[in-house]
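K.L.:
sequence plus the predicted model coming up.
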Amino acid sequence: MYLIFRCDCGRVLYAKEGRKTRKCVCGRVLEVKKRRIFQKVETREDASIAVQNMQEEIHGFEGFKKASDLKK
């Protein structure tokens, strides 16, 4: 089981259930049990997809673009 939660910086993260801490890319070390859990999923792949979907909802990001697709 994987838990989906957010860092104080706004990034959505996941951690395996039972894990005590998780480090965000912003540098904060978060205690998982003190975080508000938004979702629980069974597999790591489902957790990754859930995080991507929540990030898109929050920040309106629609995926990465290739450099060749950017306007010059």
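P.N.:
Noted; the coordinates are in hand.
K.L.:
ranges for the strands of the protein?
P.N.:
2-6, 12-16, 21-23, 29-31, 39-41 (DSSP state E).
K.L.:
just give the strands next to the first one in its sheet, each with its orientation.
P.N.:
Based on DSSP bridges, the pairing partners of strand 2-6 within the sheet are strand 12-16 (antiparallel), strand 39-41 (antiparallel).
K.L.:
contact partners of it?
P.N.:
12-17, 30, 32, 35-44, 46-47, 50-51, 54 (C-beta atoms under 8 Å, 6 or more residues apart in numbering). The way it works is simple: take the backbone N, C-alpha and C, and place the C-beta from them, glycine included.
K.L.:
now it, how far from the centre of its chain.
P.N.:
7 Å (C-alpha atoms, centre = their mean, to the nearest Å).
K.L.:
what of the fourth one?
P.N.:
The chain centroid and the centroid of strand 29-31 are separated by 14 Å under C-alpha atoms, centre = their mean.
K.L.:
ok so, going back, of the contacts of strand 2-6, select the buried ones using a ChimeraX command.
P.N.:
Burial among these is assessed by 16 or more other C-beta atoms under 10 Å; the matching ChimeraX selection reads:
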select :12,13,14,15,30,32,35,39,41,47,50,51,54
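K.L.:
on that earlier part again, closest one to residue 24 among the strands paired with strand 2-6?
P.N.:
strand 12-16 (6.1 Å; C-beta to C-beta).
K.L.:
how about the closest residue to residue 54 other than its chain neighbours, what does it touch?
P.N.:
Leaving out its chain neighbours, the residue that sits closest to residue 54 by C-beta to C-beta, 6 or more residues apart in numbering is residue 12, at 4.4 Å. With contact set as C-beta under 8 Å, 6+ apart, residue 12 has these partners: 4, 5, 6, 38, 51, 54, 55, 58.
K.L.:
quick one: those residues as JSON lines, columns for pLDDT too.
P.N.:
Listed next are the contacts of residue 12 as JSON lines, based on pLDDT from 0 to 100:
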{"residue": "4", "pLDDT": "96"}
{"residue": "5", "pLDDT": "96"}
{"residue": "6", "pLDDT": "94"}
{"residue": "38", "pLDDT": "95"}
{"residue": "51", "pLDDT": "93"}
{"residue": "54", "pLDDT": "91"}
{"residue": "55", "pLDDT": "88"}
{"residue": "58", "pLDDT": "83"}
